[in-house]
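> My questions are about this predicted structure, shown below with the sequence.
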Amino acid sequence: MNSKNKMDMYDPLSDSFKRSEFPFYWIAQLNALYTQEMERLLKRVDMDVPRWRIIMILKEHSELSMSEIASHAVAKLPTTTKIVYRMRDEGLVNLITSPDDGRVTLVSLTSKGLESLELIRDSVKNLFRNSFKGLSSAQIQRTNVLLAKLYDNLNSHTG
């Protein structure tokens, strides 16, 4: 079997296509299962996936604009804005107008937001530990490299 024929099983347009060999099948399955389990665990601490995602992004970046949060969260700006304002009303984040550009709202975590992060971490820690069970650091790193390559390939052909 030549190299072209070997690649056919990964091509959904090929007669040799095998769903179980298609990386995007596994990515979709993994994402759905992960999201379902995260929703279940986060519900226990009165949290949801979109707010958790924003809290984690702000923990890493300290302060970001709404559009930067939306970009990191892979969410639409209006959706992100709505969630962030709800989080402000819950006391999880602070909003200030950027001193550099009055049109930009900057978002940061409050002490209550940081406290909720600790509750979240405690709730989901076993999910992360179990997810990576049996994998070495090198295997996780290689997976990230491969997924980033797929992302770059797709991103260079969009728009």
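Good, I have the coordinates. None of the values given here were measured: they were computed from a predicted structure. Residues are numbered from 1 along each chain as shown.
> going forward, measure contacts and count neighbours with C-alpha atoms only.
OK.
> What residues sit buried inside whichever strand or helix holds residue 138?
If you go by DSSP states H and E, residue 138 is part of helix 137-155. For helix 137-155, a neighbour-count test (16 or more other C-alpha atoms under 10 Å) marks nothing as buried.
> Touching that helix from outside, list them.
For helix 137-155, the surrounding residues in contact (C-alpha atoms under 8 Å, 6 or more residues apart in numbering) are residue 132.
> Give me the below-cutoff pLDDT ranges for this structure.
Applying pLDDT under 70 to the chain flags the ranges 1-4, 158-159.
> mind checking how far the helix holding residue 138 is from the chain centre?
Mean-position distance between helix 137-155 and its chain equals 14 Å (C-alpha atoms, centre = their mean, to the nearest Å).
> what does stretch 96-106 give?
25 Å.
> What of stretch 15-28?
22 Å.
> So for residue 93, what's the nearest residue that isn't a sequence neighbour?
Excluding the flanking residues, the one nearest residue 93 by C-alpha to C-alpha, 6 or more residues apart in numbering is residue 109, at 4.4 Å.
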